[in-house]
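S.K.: I'd like to go over a predicted model; first the sequence, then the structure.
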Amino acid sequence: MIIRPQYMDMLKTYRDVPLVKILAGIRRCGKSTILEMLRNDLMENGISPDHIISMRYTSEDFDDKMTDKEMYLGIKKQMNDDGRYYLLLDEVQEINGWEKAVNSLLENTNTDIYVTGSNSKLMSSEISTYLTGRYISIPVYTLSFAEYLDFKKSDSRSPKELLNEYVRFGGFPIVALGNFDEHSSYQIVEGIYNSVITNDITRRHNITNFDLFNRVVKYILENVGKTFSANAIAKFLKSEGRSLSVEAVYNYLSWLEKAFVIYRCQRYDLQGKSVLKTQEKFYLADPSLKYCIMGFNPKSIATMLENIVYFELRRRGYHVYIGKNGTKEIDFVAVQRDERIYVQVCRRLPEESDREVSNLLEIKDHYPKYVVTLDELATGNINGVKIVHLADFLLSREY
């Protein structure tokens, strides 16, 4: 088992803190394995195995009609003394009212509770009702490039050679662990994608016009990293002779977000210092989700580089926005407490350098500014703007 230190460090920080630790992310991004790592770490630290209760609530393992009371009693039954128990509860969103069971366990037993799920029903109003102020949300993403290199330690290729593979194949752990060709990799990811679409979206929300839903998804895949609205999607469908209300498009976007397939990136006005409600962008949980449906296209690499940088910033704890500075756009404004960085992403320099650098130089503050590129030769500093290769940016500890 390959350890993912970022998540283990976070879980250790919150160990025995009286909060429910909720790990949420797309299916197969590694949540169950993180719980397994946690279990091993607990035992290495002297916790008796019979005081670690691991439960997995998939439909294959449990009747999908299990109630929250049955969930509560099933766990309580495994507690044989008054000692402290560690509860590792996987895919809890499959149990209706799970948050009531977890709240009762938190209140009535001597427990430290960790739960995972692949649908942000985990973050719904029910949690606000039953677990207000009593949980910490820990987002789980597919592998970062640094983690990908850990998974490929036995590979003799250089980090920059492996970066090309990471860009094409993405960061799902099951793909990184194997030695698959492109076709096999995309088949695996397509299976993950179909599982998410079937279990977390179409079945949960009773979508009957599957073809129309798929067309909306394909539109989003084609426009990753571009600004568009629900209204634009509805108009596009109309031009194809299809009819779908703007409200239905909003629902589809929301459901894709809740299944962690797409992530919404809002626009931030640097001059007005406010978050704007229009012209958002969406990024995919993993680049391979686009390629498994539409095939790999070198022309699309530029936007998928943005996708990779966006999630690297999120992994590092930044709130990430698209920057609006007058009429100019900054790819990313990343904010963490009182600090921020500005990032432009482009495939090649120097032909794009004037625009990318000048946009950053127009920002009149002293926060770090980066242009991130795949260009091997374009590194250095232009009037304080750092030109960085993508591999170096992803592996840097500077920010």
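M.R.: Nice, thanks for sending it over.
S.K.: going forward, measure contacts between C-alpha atoms and count neighbours the same way
M.R.: OK.
S.K.: all helices for the stretch 201-350 of the chain, in order.
M.R.: Using DSSP state H, counting those that start in this stretch, the helices of the stretch 201-350 of the chain run over 210-222, 230-239, 246-258, 288-294, 301-315.
S.K.: okay, now the domains of the chain?
M.R.: Split into domains by automatic domain parsing, the chain comes to 5-139, 145-395.
S.K.: can you measure across the shortest one, start residue to end residue?
M.R.: End-to-end distance for domain 5-139, by CA to CA, to the nearest Å: 14 Å.
S.K.: just the last one next, same as before
M.R.: The first and last residues of domain 145-395 sit 7 Å apart, counting by CA to CA.
S.K.: what mean pLDDT does it get?
M.R.: Averaged over domain 145-395, pLDDT sits at 93.
S.K.: swap in the shortest one?
M.R.: In this model, domain 5-139 has an average pLDDT of 91.
S.K.: now do it: distance to the chain's middle.
M.R.: Here domain 5-139 is found 19 Å from its chain centre; the criterion is CA atoms, centre = their mean, to the nearest Å.
S.K.: with just CA atoms, put stretch 199-207 into PDB.
M.R.: Coordinates of each C-alpha in stretch 199-207 appear next as PDB, following Å, rounded to 0.1, in the frame of the first residue of the first chain:
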ATOM      1  CA  ASN A 199     -25.200   5.300  -9.100                       C
ATOM      2  CA  ASP A 200     -24.700   8.900  -8.000                       C
ATOM      3  CA  ILE A 201     -26.700  10.800 -10.700                       C
ATOM      4  CA  THR A 202     -29.200   9.100 -13.000                       C
ATOM      5  CA  ARG A 203     -30.500   6.600 -10.500                       C
ATOM      6  CA  ARG A 204     -30.500   9.000  -7.500                       C
ATOM      7  CA  HIS A 205     -32.300  11.700  -9.400                       C
ATOM      8  CA  ASN A 206     -34.500   9.600 -11.700                       C
ATOM      9  CA  ILE A 207     -33.200  11.000 -14.900                       C
END
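S.K.: give the buried residues for it.
M.R.: Neighbour counts over stretch 199-207 (16 or more other CA atoms under 10 Å) mark 200-202 as buried.
S.K.: and for stretch 76-96?
M.R.: Within stretch 76-96, the residues that count as buried by 16+ other CA under 10 Å are 79, 84-96.
S.K.: kindly reformat those as a markdown table containing distance to residue 16 and secondary structure.
M.R.: Shown next, in a markdown table, are the buried residues of stretch 76-96 (distance: CA to CA, whole Å; DSSP: H, G, I helix; E, B strand; the rest coil):
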| residue | distance to residue 16 | secondary structure |
| --- | --- | --- |
| 79 | 17 | coil |
| 84 | 10 | coil |
| 85 | 10 | strand |
| 86 | 9 | strand |
| 87 | 11 | strand |
| 88 | 13 | strand |
| 89 | 16 | strand |
| 90 | 19 | strand |
| 91 | 21 | coil |
| 92 | 20 | helix |
| 93 | 23 | helix |
| 94 | 26 | helix |
| 95 | 25 | coil |
| 96 | 26 | coil |
